[in-house]
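Engineer: Give me a model of this one.
(one chain, ligands or ions: 2)
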Amino acid sequence: MSNLASANKHFPHMLSPIRVGKQTLRNRVIMGSMHTRLEHADRPIEREAAFYSARARGGAALIITSGYSPNEDGRLEEGAHIFNSEDVLPNHRPIVEAVHRENSKILLQILHSGRYAKHDRIVGPSTIRSPINPRAPRQLSSEEVLQTIEDFVSCAELAAKAGYDGVELMGSEGYLINQFTAPRTNNRTDEWGGSFENRIKFPLAIVRGVRERLPADFIVMYRISATDLVEGGLTGEEIVKLAQEVERAGADILNTGVGWHEARVPTIAYQVPRAAWAFAASRLKKHISIPIVASNRINMPEVAENLISDGSADLVSMARPMLADPEFVNKAAAGRANEINTCIACNQACLDYIFSDRIATCLVNPEACYELDYKKEPVSTARKLAVVGSGPAGMAFAVSAASRGHTVTMYESDAAVGGQLNLARKIPHKTEFNEMLRHFRTRMELTGVEIRLNEIANAEQLKKQGYDHVVIATGIKPRKLNIEGADHPSVLSYIDVLQNRKPVGKRVAIIGMGGIGYDIAELLNHKESGLSPLEAFYEEWGVDPTIVIPGGVKEPVEHPPARTITMFQRTPSKPGSRLGISTGWILRSQLKRWNVGMISGATYKKIDDNGLHYSVDNITKVLAVDNIVVCAGQESNNDLVEALVRLDVPHTVIGGAKLAGELDALRAVKDGTQLGYSV
Ligand code: NAP
Ligand code: SF4
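Structural biologist: Ligands and ions are numbered 1, 2, ... in the order given. Below you'll find the model as predicted:
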């Protein structure tokens, strides 16, 4: 690293320039490719230009677009991005120009989805169906393989014509290129299958073709699957060989992907410790001379700085953290890392939205992908505003309104701000919620929000203070059970367990199978193993960081559960169906391993010294338990509203106080932010 002496004093490695091929990047932060589905929004090009340029303006040296298919077969779904004709050049140029105006570079990601496609033209190296797709692929003929290579190269040529600085060839996450390289998905008997050398011919031909046909200063990035995390994947030794061959074929830089989409190991959710996959990049770095990028669960500048300074990687790629905070790099560079709005790896508004055919956004930053819709103009006349409640809705309102110049006073009956966040962060693996709290606290301080702790606001006082407007963000109260014996000493609320730390016996019934019921089951079964969080994660999910075993996965180590737990719900639906799409399976498989009982379609009868009396299909049973933890959802806590109406105090109710049903931090933050920017 040549010019560290003059480099940024806060994060000198992360913020030093680096040479990639014949280009120089102004720092080592890449905004990784993300599928946003903005192509399905109104004004898609304007929105994408605003989305990417905000991240470039925020300091990311290199932006990688979402994946574009080089041909019809490779599209992820009908209507998904494709780039196979000059006709669409005008759609790309405004995006490229917007990023270039901010002094950043931009690569087009070329992604052929192969057997992951959600349409009828699905193809693959072989006819082997993916476990996460009901459609089976048609095997590409040898001629079609050659045509697909040509399509990749032509797509790169089109990218150059549109002004892109290069391309990222998507060779990870189990997409088509990956499907060629792994025996799991490639049982061809022609020159594209069989031996390892044959299986890697497909990516190498693409890299070589792009290198030969595009100018020398056009960046060729290859995203390698640095560990497949599926049986029948590559060994570590093979991945090294592939990386070396990719370099030899002409790639300028190697990005790393972790795990196929069908892997049964979490790779980016909050259960994954930060920088858990650094090993996958660092073991390759030793064997290649082009720069290598680390990715996945890097969400704060110190994590990135450590990875680069300890030699694990040359650059870092962050996708979701850039959704959460477009100004990530600028804040780090200015020594304001404590102002970063940190990605908490919840996946709730990014991946889960994509999987349910919605446009991605972010739980902690509802402006993400809606840059054109949020007008944050300073106010000409400051109003005197009060917000009652300091949970996510109240805090989001306070910082949004105060940042525009309003005078905001916050009332909180507790001794600390945070509301429900203070519960969430007590769940094992959910410590990232601490960052959300830190971010709000810092911003409230910077925007001058006056916080009155331990103060129960009443309507008369609010009226007397002469506020122009009062915002009710008093959140929710847990729903109580309405059956005989609901006040039995064995009955606890989830707040008793999480906040009041009431003792819980060995045999437990949990009433309610929503997110909180699952969280409580996890908390009650969680035992400290004595291992580091990273070792415990590898052990629990069967990750082989040496990648000696093909695919880098082995049998997880099972630990006996700390308690005998049975969960109940009244509806006959599948347990866990209320959980997030991309994180629910993780919780479900954890509880399955612990043999947590699941009873759906229950009717609760009564609770007494014998335990929980319930019936299923009209058969009454008694479950002997030490404790019953009620996680039966919530009701709005909006007691103040009636008095405010009576006293004619102008007010708005937001978040859980407005609507408790399935309240989550996502809706709370969005409610608060929208009101703060419009009041
Ligand atoms: P929830 O998801 O609405 O689940 C409430 C549970 O209580 C359901 O299982 C429901 O099942 C049961 N229930 C509702 N009314 C009841 C009644 N009167 N008597 C007995 N049982 C009743 O609520 P939550 O678990 O409290 O979670 C709140 C929100 O936090 C969720 O919307 C979620 O978005 C968020 N969250 C998510 C996660 C996650 O996904 N990992 C984790 C924590 C929180 P039946 O009606 O079938 O009995
Ligand atoms: Fe990160 Fe959650 Fe935002 Fe997705 S929704 S970017 S995981 S904070």
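Engineer: CA only for contacts and neighbour counts going forward, please
Structural biologist: Will do.
Engineer: Near A334, how many residues? Count them for me, please.
Structural biologist: With neighbours defined by other C-alpha atoms under 10 Å, the count for A334 comes to 12.
Engineer: Contact partners for it?
Structural biologist: A334 makes contact with H10 under the criterion C-alpha atoms under 8 Å, 6 or more residues apart in numbering.
Engineer: can you list contacts of the longest strand seen in the chain?
Structural biologist: Taking DSSP state E as the criterion, the chain has its longest strand at strand 219-227. By C-alpha under 8 Å, 6+ apart, the residues outside strand 219-227 that reach it are 20-23, 107, 165-173, 178, 207, 210-211, 234, 236, 239, 243, 246, 250-259, 280-281, 284, 547, 551-552.
Engineer: Which among the residues you listed count as buried?
Structural biologist: 20-21, 107, 165-173, 178, 207, 210-211, 234, 236, 239, 243, 246, 250-259, 280-281, 284, 547, 551-552 (16 or more other C-alpha atoms under 10 Å).
Engineer: Among those, which lie within strands?
Structural biologist: Going by DSSP E, the strands hold 20, 107, 166-171, 253-258 from those.
Engineer: Count the neighbours of the residue of the stretch 351-500 of the chain found nearest ligand 2 for me.
Structural biologist: Evaluated by C-alpha to the nearest ligand atom, the stretch 351-500 of the chain has C362 as its residue closest to ligand 2, separated by 3.6 Å. Counted by other C-alpha under 10 Å, the residues lying close to C362 total 27.
Engineer: Grab the nearest non-local neighbour of it.
Structural biologist: A349 (4.9 Å; C-alpha to C-alpha, 6 or more residues apart in numbering).
Engineer: How about G418?
Structural biologist: With C-alpha to C-alpha, 6+ apart as the criterion, G418 has its nearest non-adjacent residue at 4.6 Å, and that residue is G391.
Engineer: would you list every one of the helices in the stretch 1-150 of the chain?
Structural biologist: Taking DSSP state H, counting those that start in this stretch as the test, the helices found in the stretch 1-150 of the chain are 44-57, 89-101, 142-162.
Engineer: Give the other helices and strands that the second one contacts.
Structural biologist: On a contact count with 3 or more C-alpha pairs under 8 Å, 6 or more residues apart in numbering; DSSP states H and E, helix 89-101 meets helix 44-57, strand 105-110, helix 142-162.
Engineer: tell me the most buried of those?
Structural biologist: The highest average neighbour count among the helices and strands packed on helix 89-101, using mean count of other C-alpha atoms under 10 Å, belongs to strand 105-110 at a mean of 28.
Engineer: so what strands line up beside that strand?
Structural biologist: strand 62-68 (parallel), strand 166-171 (parallel) (DSSP bridges).
Engineer: who's in contact with the residue of the stretch 351-500 of the chain closest to ligand 2?
Structural biologist: L323, A324, Q348, A349, C350, A368, L666.
Engineer: how near is it to S400?
Structural biologist: 16 Å (C-alpha to C-alpha, to the nearest Å).
Engineer: can you give me the helices in the stretch 351-500 of the chain?
Structural biologist: Using DSSP H, counting those that start in this stretch, helices in the stretch 351-500 of the chain cover 351-355, 392-403, 421-424, 433-446, 459-464, 494-498.
Engineer: For ligand 1, find the nearest of these.
Structural biologist: helix 421-424 (7.1 Å).
Engineer: Export only the CA atoms of that closest one, formatted as CSV.
Structural biologist: Taking Å, rounded to 0.1, in the frame of the first residue of the first chain, the C-alpha atoms of helix 421-424 are listed here in CSV:
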residue,chain,number,x,y,z
LEU,A,421,-35.7,-2.5,20.2
ASN,A,422,-34.5,-3.0,23.8
LEU,A,423,-36.3,-6.4,23.7
ALA,A,424,-35.2,-7.5,20.3
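Engineer: Do it and ligand 1 come into contact?
Structural biologist: No - judged by C-alpha under 6 Å from any ligand atom, helix 421-424 and ligand 1 are separated, with a smallest distance of 7.1 Å.
Engineer: who touches that helix?
Structural biologist: Taking C-alpha under 8 Å, 6+ apart as the rule, helix 421-424 contacts G391, P392, K430, F433, N434, L437, I495, L498, Q499.
Engineer: Do it and ligand 2 come into contact?
Structural biologist: No - using C-alpha under 6 Å from any ligand atom, we find that helix 421-424 stays clear of ligand 2, coming within 13.5 Å at best.
Engineer: Now list the buried members of the contacts of helix 421-424.
Structural biologist: Buried, going by 16+ other C-alpha under 10 Å: G391, P392, K430, F433, N434, L437, I495, L498, out of the contacts of helix 421-424.
Engineer: Save those residues as CSV, and put in pLDDT and distance to ligand 2 too.
Structural biologist: Output for these, formatted as CSV (pLDDT from 0 to 100; distance: C-alpha to the nearest ligand atom, whole Å):
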residue, pLDDT, distance to ligand 2
G391, 97, 16
P392, 97, 13
K430, 93, 12
F433, 96, 9
N434, 97, 12
L437, 98, 12
I495, 95, 24
L498, 94, 22
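Engineer: Name the nearest of those residues relative to Q674.
Structural biologist: Of all the buried ones among the contacts of helix 421-424, Q674 sits closest to P392, with 12.8 Å by C-alpha to C-alpha.
Engineer: I figured the closest one hits K670, correct?
Structural biologist: No - applying C-alpha atoms under 8 Å as the test, P392 and K670 come out as separate, 9.1 Å apart.
Engineer: Give me every residue in the protein lying close to ligand 1.
Structural biologist: Counting by C-alpha under 6 Å from any ligand atom, the chain sits next to ligand 1 at 481, 511-517, 519, 569-571, 578-580, 631-634, 661-664.
Engineer: could I get stretch 504-515 in PDB with only the CA atoms?
Structural biologist: Output of stretch 504-515 as PDB, limited to C-alpha atoms (Å, rounded to 0.1, in the frame of the first residue of the first chain):
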ATOM      1  CA  VAL A 504     -38.100 -20.200  33.600                       C
ATOM      2  CA  GLY A 505     -38.400 -23.900  34.300                       C
ATOM      3  CA  LYS A 506     -37.200 -26.800  32.200                       C
ATOM      4  CA  ARG A 507     -40.600 -27.700  30.700                       C
ATOM      5  CA  VAL A 508     -42.100 -24.800  28.800                       C
ATOM      6  CA  ALA A 509     -45.200 -24.200  26.700                       C
ATOM      7  CA  ILE A 510     -45.100 -21.200  24.400                       C
ATOM      8  CA  ILE A 511     -48.500 -19.800  23.300                       C
ATOM      9  CA  GLY A 512     -48.100 -18.200  19.900                       C
ATOM     10  CA  MET A 513     -45.900 -19.100  16.900                       C
ATOM     11  CA  GLY A 514     -45.200 -15.700  15.600                       C
ATOM     12  CA  GLY A 515     -41.700 -14.200  15.300                       C
END
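Engineer: Great, nothing more from me.
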